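Peer 1: Just to be clear, the model below is a prediction. Sequence and coordinates:
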Amino acid sequence: MPIRAVLWDIDDTIFDYSGADRTGMRQHLEREGLPEGYGSVEEALDGWRAVTEVHWARFAAGEADFQEQRRDRIRDFLSRDTMEDAEADDWFGRHAAHYEAAWALFPDVVPVLDRLANDYRHAVLTNSSIHNQHRKLTALGVRDRFEAVVCAVELGISKPRAGAFHAACEELGLAPREVAYVGDEPDIDASGAVAAGLAGIWLDRRGRGGREDLVRITGLDQLPGLLAGNTRFGAPDTFG
């Protein structure tokens, strides 16, 4: 059965989350000062990314809710275990102002959405909240490209669990085998989608490689040909 829809991840797939987060945090630290325990801004930025990955994994596993993981991330980063919730929220809010000012799509996103617009339906599945992602997609000028935005916070289940992918397919009224999922994480996105019966595609923008079990592209310009069957879709590491 042919692919009829593309289901998209957002952060670090169509939106340069890592770039915006790093730029925003750098500017935030210039105002707030370097937290105790970090020898340089670069070391602090690496530390922020590391604690983000740890606490985001807790959220995805259902071990913490969205707000809780954010507050705990800040406490770990600042080494302040007893930081009050309100203070953590205020700290993140000051960071968010810098982060949001750096928001940008990857340059290959709009051209590919244009190329695929007439042949495929499009929707989003993300491990975040509808408040955050609807506002983000609107600010980036692409919210109207997606007929549905399905988010883990409201859904109550996160990728890579099959139920998250199935809920997005149900929103589209399509069987999983009719849907391709595109995301930047090999396990959470591509492997999770495959296990749920979708066509999982790993967007490996950083050229990490090393996952011969997955269909892999390194840029979205490769996606239309893959979906159209001009390559060995379904073969691992297609564009490796």
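Peer 2: Sure, I can see it.
Peer 1: Could you give me the buried positions within the longest helix seen in the chain?
Peer 2: Criterion DSSP state H: the longest helix present in the chain is helix 41-60. For helix 41-60, burial by neighbour count (16 or more other C-beta atoms under 10 Å) applies to 44-45, 47-48, 51-52, 55-56, 59-60. Where you see a C-beta, it was placed from the backbone N, CA and C, and this is true even at glycine.
Peer 1: of these, closest to residue 118?
Peer 2: residue 60 (34.1 Å; C-beta to C-beta).
Peer 1: Next one: the closest residue to the closest one other than its chain neighbours from residue 33, what distance?
Peer 2: The shortest distance from residue 60 to any non-neighbouring residue, by C-beta to C-beta, 6 or more residues apart in numbering, is to residue 158 (4.4 Å). Going from residue 158 to residue 33 by C-beta to C-beta, to the nearest Å gives 34 Å.
Peer 1: repeat for residue 211
Peer 2: 40 Å.
Peer 1: who's more crowded, those two?
Peer 2: The neighbour comparison of residue 211 against residue 33 (other C-beta atoms under 10 Å) goes to residue 211, with 17 against 8.
Peer 1: For the longest helix of the chain, which helices and strands make contact with it?
Peer 2: helix 17-32, helix 66-78 (3 or more C-beta pairs under 8 Å, 6 or more residues apart in numbering; DSSP states H and E).
Peer 1: right, and the ones you listed - which one's nearest residue 95?
Peer 2: Per C-beta to C-beta, nearest to residue 95 of the helices and strands packed on helix 41-60: helix 17-32, 4.3 Å.
Peer 1: taking the mean pLDDT, what do you get for the closest one?
Peer 2: What helix 17-32 shows for mean pLDDT is 95.
Peer 1: Show me the contact partners of that helix.
Peer 2: 10-12, 35, 41, 44-45, 48-49, 52, 91, 94-104 (C-beta atoms under 8 Å, 6 or more residues apart in numbering).
Peer 1: Which ones among those lie within helices?
Peer 2: 41, 44-45, 48-49, 52, 91, 94-101.
Peer 1: picking up where we left off before, I'd like the distance from the longest helix of the chain to the chain centre, please.
Peer 2: 15 Å (C-alpha atoms, centre = their mean, to the nearest Å).
Peer 1: for stretch 39-54, same thing?
Peer 2: With C-alpha atoms, centre = their mean, you get 19 Å for stretch 39-54.
Peer 1: CA atoms only: put it into CSV for me.
Peer 2: Provided in CSV are the C-alpha atoms of stretch 39-54 (Å, rounded to 0.1, in the frame of the first residue of the first chain):
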residue,chain,number,x,y,z
GLY,A,39,34.6,26.6,34.0
SER,A,40,33.4,28.3,30.9
VAL,A,41,30.3,29.2,28.9
GLU,A,42,31.0,26.3,26.5
GLU,A,43,31.2,23.9,29.3
ALA,A,44,27.9,25.2,30.7
LEU,A,45,26.2,24.9,27.3
ASP,A,46,27.3,21.3,27.1
GLY,A,47,26.1,20.7,30.6
TRP,A,48,22.7,22.2,29.8
ARG,A,49,22.3,19.9,26.8
ALA,A,50,23.3,16.8,28.9
VAL,A,51,20.8,17.5,31.7
THR,A,52,18.1,18.3,29.0
GLU,A,53,18.7,14.8,27.5
VAL,A,54,18.5,13.1,30.9
